[in-house]
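Engineer: Just need the structure, nothing else, for what follows:
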Amino acid sequence: MASQKATDAGVFIPAHATLPVLQKAVQKCKACDLYLHATQAVPGDGPAEARLLLIGEQPGNEEDLAGKPFVGPAGRLTGLSSKPESEEPTFTSPMRSNISSLKNGANAAFTKSLRLARSARANRGRRPKFET
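Structural biologist: The predicted structure is shown next:
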């Protein structure tokens, strides 16, 4: 029997949904077509007991590629960009998230070209491998 597409994101939420569990589960959600245009979901980050919650509309290109919220223009503009991974969030750190964890398809072509450019830059100077 062919599998049907889920129409409710609730089926992707585990029974015991802690913040880390939800952050992993959002990567598997296919309840809408937004996942088709994103490289990955961008779950919220920061301490669950934060006193401040920053909510953006949706991940932009930089957030989509990094997998972290507020690393693009909005984070730089407000001075509230995500902390480096080496720095642990504190009680006074804000929780950062978006209304949608996936970006819409409007910027899909830009993201694809950006990924290709970064890949080409990373491979610059390497000799191509040819099959013999």
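Engineer: any idea where the strands of this structure begin and end?
Structural biologist: All strands of the chain, identified by DSSP state E, fall at 53-56, 95-98.
Engineer: Name the residues that touch the last one?
Structural biologist: Read it as strand 95-98. Defining contact as C-beta atoms under 8 Å, 6 or more residues apart in numbering, one finds that strand 95-98 is touched by 42-48, 50, 52-59, 63, 69-70, 75, 80, 82. Quick note: C-beta positions are derived from backbone N, CA and C, even for glycine.
Engineer: follow-up on the earlier one: what about the strands of the chain, which gets the closest to Ala25?
Structural biologist: Judged by C-beta to C-beta, the one of those that comes nearest to Ala25 is strand 95-98, at 14.4 Å.
Engineer: Excluding sequence neighbours, find me the nearest residue to Glu57.
Structural biologist: Distances taken as C-beta to C-beta, 6 or more residues apart in numbering place Ile99 nearest to Glu57, at 5.8 Å, with adjacent residues excluded.
Engineer: Kindly report the same for Gln40.
Structural biologist: If the residues on either side of it in the chain are set aside, Gln40 comes closest to Gly67, at 5.1 Å by C-beta to C-beta, 6+ apart.
Engineer: Would you enumerate the residues in contact with that neighbour?
Structural biologist: Applying C-beta under 8 Å, 6+ apart, the residues near Gly67 are Gln40, Ala41, Val42.
Engineer: Pretty sure the first one sits against Gln27.
Structural biologist: Yes: between Gln40 and Gln27 there is a contact at 6.5 Å, judged by C-beta atoms under 8 Å.
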